[in-house]
Every structure is written in structure tokens, then in C-alpha cells.
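A.B. asks: how would this look folded up:
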Amino acid sequence: MQTNPKPESLAKLLPEGEVTRMAREAGVSLAAVSKALKRQRPGNRFVQKALCIARETGTLQAAQDIQSLKPVA
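C.D. replies: Next up, the predicted model:
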């Protein structure tokens, strides 16, 4: 049975500059937001915000569709 790997980072699903905007609005460093997105802990506020944005923009559904494709042998 093959499992789908996690995306490398939720940041890749966000529009350009969104991680920086999230950091500025929260008053934290860009590194802190990036680290939170890489860890992908569901309770983290940045992860929740990133998922919300990814759903709104449609990139989350697109990523899920791509992962569900079966590789051609």
C-alpha cells in the first residue's frame, strides 16, 4: 500500500508574499512562520491560516488532485 507524502511545506501552496504578510501581521519573524508551516502541526495558528488561504485560492484542492493521480508505468 502506497501512502501519499506530505507536501514539503504549506508555504508552497500560498500566494507569493503571503508568508511575509502573515509574519508582519503577527509581529513575528519570517523564520518563525516558515518553521511552523514546515512542521504542519494542525493546532498552530499559522498552519490554520495557511490552510484557510490555500482552500480559498484553490491550491489545496489542486495539490490533493495531483497527489491522487496514479503514476504511469
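
A.B. asks: What segments of the chain are strands?
C.D. replies: For the chain, applying DSSP state E gives no strands.

A.B. asks: Find the centremost residue of it, please.
C.D. replies: Centroid-nearest residue in the chain, with Cα atoms, centre = their mean: residue 10, separated by 1.6 Å.

A.B. asks: show me what contacts the closest residue to residue 18 other than its chain neighbours?
C.D. replies: Nearest residue to residue 18, sequence neighbours excluded (Cβ to Cβ, 6 or more residues apart in numbering): residue 53, at 6.2 Å. No exception for glycine: its C-beta is placed from N, CA and C like everyone else's. Applying Cβ atoms under 8 Å, 6 or more residues apart in numbering to residue 53 gives the contacts 14, 15, 18.

A.B. asks: Only whichever of the residues you listed are buried, select them in PyMOL.
C.D. replies: In PyMOL, this line selects whichever of the contacts of residue 53 come out buried by 16 or more other Cβ atoms under 10 Å:
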select buried, resi 14+18
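
A.B. asks: Regarding this protein, what is its longest helix?
C.D. replies: In the chain, ranked by residue count with DSSP state H as the criterion, the top helix is helix 45-57.

A.B. asks: in that one, what counts as buried?
C.D. replies: 46, 47, 49, 50, 51, 53, 54.

A.B. asks: Same list, those residues, but as CSV with pLDDT and distance to residue 34 please.
C.D. replies: CSV is the format used below for these (pLDDT from 0 to 100; distance: Cβ to Cβ, whole Å):
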residue, pLDDT, distance to residue 34
46, 96, 9
47, 95, 12
49, 96, 13
50, 95, 11
51, 93, 16
53, 94, 15
54, 93, 15
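
A.B. asks: Quick check: of those, which lies closest to residue 33?
C.D. replies: Among those, residue 46 lies closest to residue 33 (Cβ to Cβ), at 5.2 Å.

A.B. asks: which residues sit in contact with the closest residue to that closest one other than its chain neighbours?
C.D. replies: Once flanking residues are discounted, residue 46 sits nearest to residue 36: 4.3 Å by Cβ to Cβ, 6+ apart. With contacts defined as Cβ under 8 Å, 6+ apart, residue 36 is in contact with 44, 46, 47.
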